[in-house]
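Colleague: Fold the following and give me the result.
(2 chains)
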Amino acid sequence: MIYTGQFKSINNTLYQVDINVNDGNNGTSEIIFSDEPFKIELNSNDTIYEPLKLSNATCTIISDSYNFNLYSATAQGTKMTLRDVDNNMIK
Amino acid sequence: MTPNIYTQGFEQHYESIELEAIDGLSTLDNFKFESIEVNKKIRTFEELIIHLVKKCNCYSKIYVNENNCISGYENQKAIDKLLVSEQNFFSEDNEPVTYKEVLTQLLQFLNYTIVADGDVLYILNYDYLKSGFVDYHTYSTVNNWLNYSTGYTTLNHQYNVTANSFKSNGASVELATVYNQVSIKTNTYKKDVLIPDFFDEDKLTNTFGEND
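Modeller: Predicted structure coming up:
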């Protein structure tokens, strides 16, 4: 099942967030974002010479149900992608 | 997304939920290393890096800076000629380290930094880029690294920060810590006595046998 939603950045770029849930259903359901839809943070360290530069993202949505299927016990069970719609680029 | 994805309020009809996601490389922290085949073998760095990226299950391209080379093989990749045994990533009790640790160890040895951007991984050496070199070896796949093609390219990623690059309330510009001088001090252990203690237990030998 795919949860999907779109928002525009301050530079007027349209972005789409897709959350792929591995629950065997094929449906698509729309999500509503809150005032801060998507935030990406690059993990900072003391030096730029770090073998791994990792990032994490926080997506805030508003919902009236609990969406328990978003929960996954494994780290790769649920996949979230941010896409630039106009250029069709994965961000 | 991280296994522990949200905490949710229980007050109103509509609640705001924060979903936390991590990039593909971060997920490697959650998996114990498995050798490429059942039996552990000696592998090239290239094979191992592809194996690790395959585990991420979300990247389709790798760009590697062409800064390391082996004498006699100039202008060729080094990572497909350097070999390491997979046994190194297992403890004496055959307990594996995580995928992330393997990647860290491999890249640390080569002085590389890995950065993900979209579905592309860049394996960079900052000093090489600073010197103005833009040569990359490329690996790309369409079926999550079951098979892949290699190539060679030059990329010129240059971005000028202007007033329009960033908009925010209360913004600040920050430069990470840089080091321009490193001093190394050496100390030798001081020895007070030249001759060891005559009755020091370490120096005594039992001439009769183990149990006497």
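
Colleague: What is the longest strand of chain A by residue count?
Modeller: strand A:32-42 (DSSP state E).

Colleague: Which elements pack onto that one?
Modeller: If you count contacts as 3 or more CB pairs under 8 Å, 6 or more residues apart in numbering or on different chains; DSSP states H and E, strand A:32-42 packs onto strand A:2-8, strand A:14-21, strand A:55-63. Glycine gets a C-beta too; all of them are placed from N, C-alpha and C.

Colleague: could these be laid out in a markdown table, adding mean pLDDT?
Modeller: Formatted as a markdown table, those follow (pLDDT from 0 to 100):
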| stretch | mean pLDDT |
| --- | --- |
| strand A:2-8 | 83 |
| strand A:14-21 | 82 |
| strand A:55-63 | 79 |
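
Colleague: give me the low-pLDDT residue ranges for the chain?
Modeller: No chain in the question, so chain A it is. A:44-48, A:65-76, A:86-91 (pLDDT under 70).

Colleague: Not quite, go with chain B.
Modeller: B:1-13, B:157-168, B:171, B:209-212.

Colleague: Which parts of it are strands?
Modeller: Assigned by DSSP E, the strands in chain B fall at B:15-22, B:42-44, B:61-65, B:83-85, B:113-117, B:120-124, B:135-140, B:149-154.

Colleague: Can you lay out the ones you listed as TSV showing mean neighbour count and distance to chain A?
Modeller: TSV is the format used below for the strands of chain B (neighbours: other CB atoms under 10 Å in any protein chain shown; distance: least, CB to the nearest CB, whole Å):
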stretch	mean neighbour count	distance to chain A
strand B:15-22	19	4
strand B:42-44	15	18
strand B:61-65	22	11
strand B:83-85	14	15
strand B:113-117	19	5
strand B:120-124	20	9
strand B:135-140	18	14
strand B:149-154	10	18
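
Colleague: Just want the phi and psi numbers for B:Ser71.
Modeller: For B:Ser71, the backbone dihedrals are phi -60, psi 130 (criterion: degrees, to the nearest 10).

Colleague: Looks like B:Val84 contacts B:Glu46 (just checking).
Modeller: No. At 10.9 Å, B:Val84 does not count as touching B:Glu46 under the criterion of CB atoms under 8 Å.

Colleague: Distance to B:Leu28 for the strands of chain B - can I get that in TSV?
Modeller: As requested, the strands of chain B are exported to TSV (distance: least, CB to CB, whole Å):
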stretch	distance to B:Leu28
strand B:15-22	10
strand B:42-44	17
strand B:61-65	14
strand B:83-85	17
strand B:113-117	11
strand B:120-124	12
strand B:135-140	17
strand B:149-154	23
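
Colleague: between the ones you listed, which gets nearest to B:Thr188?
Modeller: Nearest to B:Thr188 among the strands of chain B is strand B:83-85; the distance by CB to CB comes to 34.0 Å.

Colleague: That closest one: partners in the sheet, and parallel or antiparallel?
Modeller: The strands that strand B:83-85 pairs with in its sheet are strand B:42-44 (antiparallel) (by DSSP bridges).

Colleague: How far away from the center of its chain is the strand it pairs with?
Modeller: Relative to its chain's centre, strand B:42-44 lies at 17 Å (CA atoms, centre = their mean, to the nearest Å).

Colleague: coming back round to it: so which of the helices and strands packed on strand A:32-42 is nearest chain B?
Modeller: Closest of the helices and strands packed on strand A:32-42 to chain B is strand A:55-63, at 4.4 Å (criterion: CB to the nearest CB).

Colleague: tell me, what residue is most central in chain B?
Modeller: Nearest to the mean C-alpha position of chain B, by CA atoms, centre = their mean, lies B:Thr104 at 2.3 Å.
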